[in-house]
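> compute the structure for the input listed below.
(2 chains)
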Amino acid sequence: MAGVTLDTVRKIYTGNVEAVKGVSLGIEDGSFCVLVGPSGCGKSTLLRMIAGLETISDGEVKIGDRVVNQVEPADRDIAMVFQNYALYPHMSVYDNMAYGLKNRGTPKDEIEKRVKEAARILAIESFLTRKPRQLSGGQRQRVAMGRAIVRKPQVFLFDEPLSNLDAKLRVQMRVEIKRLQRALGVTSIYVTHDQVEAMTLSDKLVVMSGGQIEQVGTPSDVYRRPETRFVATFIGSPPMNILPGKVEGPGRVSVGGQVIGVADMRDGLTPGSAIEVGLRPEDVQAGGAGSSSLSMDVDFVEELGATQLFHGKVSGAEFVVQASTGQIPADTRKLTLAVDPANVHLFDPQTTKRLGKV
Amino acid sequence: MEKRAHFSGWTLPLLLIVPQMAITVIFFYWPASQAIWQSFLREDAFGLSSEFVGFENYVSLFEQPEYYRAMVTTAIFSSLVAFFSLACALLLATQADKNLRGGHAFKTLLIWPYAVAPAIAGVLWIFMFHPTLGTLSRPIKAVGLDWNPMLNGNHAMTLLVLSATWKQISYNFLFFLAGLQAIPKSVIEAAAIDGAGPLRRFWTVIFPLLSPTTFFLLVVNIVYVFFDTFGIIDAVTGGGPAGTTTTLVYKVYADGRLGGDLGGSAAQSVILMIIVIALTAIQFRYVERKVQY
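You can find the predicted model right below:
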């Protein structure tokens, strides 16, 4: 088993399009790293460079202690699960899983042992003689996983493996992938645009945008302390509210004249300068009026079952509040929101970077 | 999804299919039935009268050693052309499928030979390989081979195979290229990660996935060699020397037009018709099932 190290890795396509702009990242041996970002952020390109399916324009990719820039995909000792599964349509499930082992000259009885073992783990033993087209989406997904695990590679690479599945199956497979990775302890790199997948699966979460890393950290770090406005609005559902505000003094900002306290605020900000105030919909308490509160005009309410989303405006800016169902009457037109200073995030309007304590 | 048009009466639908039916009947069924009828007739030397002779034309056909020779010639010719044109086209298509600089120009150039008329293609090859005038005969003679397709049957056959293959490559190339582009890229990438080198990838993944295309082309090519190579044979060798390049189709022409034996010629056409019907039937039966993954 081995970790993966990226050192200022770049991908420049013909026509000077820079898809990946100097990414450096260390992925520890045995950990589950998720690359998340909107489409076109370079996450898939980065994964394909680690796999060896794309050339590396600049920088260095290491698997373990070995620089693999010039190493063929076959010799990198990796396995990859593709979005469309990429099963060999003319081979049976058994042959699909055995193919990589056959190519490496594994003895026949060893191949059989490993394929049977993988099939048992994934509960696909009864399909071994079938062709991929005779399988459902979820079963194909399992075969694709099986093809990866029989090889016992150093690193698993996943390229949006669940995005072709329906919502229910996706949740189920997500849990299975996580369990499997824990059991096998193989370093895994997983690409997705789905932030729920990203949060639930990762030990190490990497948020990307525009070919660059926005933030690296544990899922709770990234959620609790987003380093940029992009991360703040990308991670979390519904996304964080961003309000235009003004610096009032140390630990105090105002939004449309209403002053709220802030726990994590950089020292020495000029009073009166513009600032962006971020508040998660689930972090504000409706009802309680205190020293630190905002008033909101409610436009409409979305019912989600266990919770309700109140959409409206706070001093002219769009705002969403999440509350347990029944906590606030659904016909409420005006809300007073208590804001805990610990839950306020501040961002620089120009650089969009977090203005927290240094 | 099935789309069905509904008509209230019979007039409009009949009017709509009449043109197609007319073409099919006038240009296909009528000549075909004429050929069948004629294969049972014997005409006098001047073409003034004919009498019904039953299967006599067929019987005498199968008594001719030349007819069996033409069959063997056709078998050799068609297998060689089918093999080489498929193999070359596949090789070129795999190369063109890579993202090469100037790939479009490469592809366009490869399609050109298909647009050349068979007779013109034949003349082109005659000039290149003419024993005394040919630009390419000189180097062949220079290496010590007594090249003469005008006298040597094997040489004549080689020349025919070359020109017929050359013409058919474009067609096969197009189909193979389309077939290759239909294979999902990720499957090939998965094979690469699974440790298969380019050659192994080709034989274990790409070639099996192309098999429906290959089978289709095989049948089409055999039909092509059987029938459409007439122009090339006529222009290049005229069936000679000494009948060594007379294929079944060329024999139909030679016996009927040149030999004046319309009945025997018609009988040969009918046999060819049966062969092509059989080939098409096999294609439709198996292309859907056997060569499917």
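> which residues of chain B score low on pLDDT?
Under the criterion pLDDT under 70, the flagged ranges of chain B are B:1-3, B:45-47, B:100, B:260, B:287-293.
> can I see the domain layout of chain A?
Under the assignment automatic domain parsing, the domains of chain A span A:4-226, A:238-347.
> touching chain B at all, the longest one?
Spelled out, it's domain A:4-226. Yes - contact of domain A:4-226 with chain B (Cβ under 8 Å from any Cβ of the partner chain) involves A:51-53, A:72-76, A:78-80, A:82-84, A:86-90, A:99-100, A:103-104, A:131, A:147, A:151. Backbone N, C-alpha and C define where each C-beta goes, glycine included.
> just the buried ones from those residues, in ChimeraX syntax?
Burial among the residues of domain A:4-226 next to chain B is assessed by 16 or more other Cβ atoms under 10 Å in any protein chain shown; the matching ChimeraX selection reads:
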select /A:51,52,53,73,74,76,78,79,80,82,83,84,86,87,88,89,90,99,100,103,131,147,151
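> of the residues of domain A:4-226 next to chain B, which belong to strands?
A:Ile78, A:Ala79, A:Met80 (DSSP state E).
> wait, the first one sits on A:Lys152?
No - with contacts defined as Cβ atoms under 8 Å, A:Ile78 does not count as touching A:Lys152, sitting 11.3 Å away.
> returning to what we had before: which of the domains of chain A sits closest to B:Phe230?
Nearest to B:Phe230, of all the domains of chain A, is domain A:4-226, at 37.9 Å by Cβ to Cβ.
> low pLDDT regions in the stretch 101-250 of chain A?
Counting by pLDDT under 70, the stretch 101-250 of chain A contains no low-confidence segment.
> distance of A:Arg280 from chain B?
Distance, A:Arg280 to chain B, using Cβ to the nearest Cβ, to the nearest Å: 38 Å.
> return the member of the ones in strands among the residues of domain A:4-226 next to chain B nearest to chain B.
Using Cβ to the nearest Cβ, A:Met80 comes nearest to chain B of these, at 5.2 Å.
> tell me how far the residue lying closest to A:Asp95 once chain neighbours are set aside lies from B:Gly263.
Excluding the flanking residues, the one nearest A:Asp95 by Cβ to Cβ, 6 or more residues apart in numbering or on different chains is A:Tyr88, at 7.3 Å. Distance, A:Tyr88 to B:Gly263, using Cβ to Cβ, to the nearest Å: 56 Å.
> for chain A, what's the longest helix?
Longest helix of chain A, by residue count under DSSP state H: helix A:167-184.
> which strands or helices does it pack on?
Applying 3 or more Cβ pairs under 8 Å, 6 or more residues apart in numbering or on different chains; DSSP states H and E, we find helix A:167-184 packed against helix A:137-149, helix A:195-201.
> how about the strands of the stretch 1-150 of chain B, start to end?
Secondary structure of the stretch 1-150 of chain B (DSSP state E, counting those that start in this stretch): strands at B:41-43, B:50-52.
> out of those strands, flag the one nearest chain A.
strand B:41-43 (52.2 Å).
> which residues touch the closest one?
B:Ser49, B:Ser50, B:Glu51, B:Phe52, B:Val53, B:Glu56, B:Asn57, B:Gly260, B:Leu262, B:Gly263, B:Ala266 (Cβ atoms under 8 Å, 6 or more residues apart in numbering or on different chains).
> could you identify the buried members of the residues you listed?
Buried members of the contacts of strand B:41-43, scored by 16+ other Cβ under 10 Å, are B:Glu56, B:Asn57, B:Leu262, B:Gly263, B:Ala266.
> which among those residues gets closest to B:Val18?
When these are compared against B:Val18 (criterion: Cβ to Cβ), the nearest one is B:Ala266, at 29.2 Å.
> host element of that closest one?
B:Ala266 belongs to helix B:262-288 when assigned by DSSP states H and E.
> show me what counts as buried in that helix.
Judged by neighbour count using 16+ other Cβ under 10 Å, the buried positions of helix B:262-288 are B:262-272, B:275, B:279, B:283, B:287.
> then stretch A:330-344?
Buried, per 16+ other Cβ under 10 Å, within stretch A:330-344: A:Leu335, A:Leu337, A:Ala338, A:Val339, A:Pro341, A:Asn343, A:Val344.
> any idea how far the residue lying closest to B:Asn154 once chain neighbours are set aside lies from B:Ala119?
Using Cβ to Cβ, 6+ apart and skipping the chain neighbours, the partner closest in space to B:Asn154 is B:Thr244 (7.8 Å). B:Thr244 is 20 Å from B:Ala119, where distance means Cβ to Cβ.
> higher neighbour count, the two?
A side-by-side neighbour count of B:Thr244 and B:Ala119, using other Cβ atoms under 10 Å in any protein chain shown, places B:Thr244 first with 17 against 14.
> sec struct for the more buried one, please.
Using DSSP: H, G, I helix; E, B strand; the rest coil, the structure places B:Thr244 in coil.
> quick check: the gap between it and B:Met157.
Taking Cβ to Cβ, one finds B:Thr244 at 7 Å from B:Met157.
> shared neighbours of those two, anything?
Among the neighbours of B:Thr244, those also in contact with B:Met157 (Cβ under 8 Å, 6+ apart) are B:Thr73.
> just checking, A:His345 touches A:Arg354?
Yes - A:His345 lies in contact with A:Arg354 (Cβ under 8 Å); the separation is 6.7 Å.
> okay, those two: which has more neighbours?
Shown here are A:His345 and A:Arg354; by other Cβ under 10 Å, A:His345 has more neighbours (25 against 22).
> what is the burial count for B:Pro13?
Residues contacting B:Pro13 under the criterion other Cβ under 10 Å number 13.
> does it touch B:Phe7 like I think?
Yes - using Cβ under 8 Å, B:Pro13 is in contact with B:Phe7, at 4.9 Å.
> now A:Ile12: phi and psi?
A:Ile12 adopts backbone torsions of phi -120, psi 120, taken as degrees, to the nearest 10.
> equivalent analysis for A:Gly249, please.
Main-chain torsions, A:Gly249, degrees, to the nearest 10: phi 170, psi -170.
> bridging residues for it?
In this structure, A:Gly249 bridges to A:Arg252 when assessed by DSSP bridges.
> identify all contacting residues around whichever helix or strand A:Leu346 is part of.
For A:Leu346, the element it lies in under DSSP H and E is strand A:345-347. Contact with strand A:345-347 is made by A:225-226, A:228-229, A:232, A:240, A:242, A:253, A:262, A:264-266, A:275-279, A:353-356, as judged by Cβ under 8 Å, 6+ apart.
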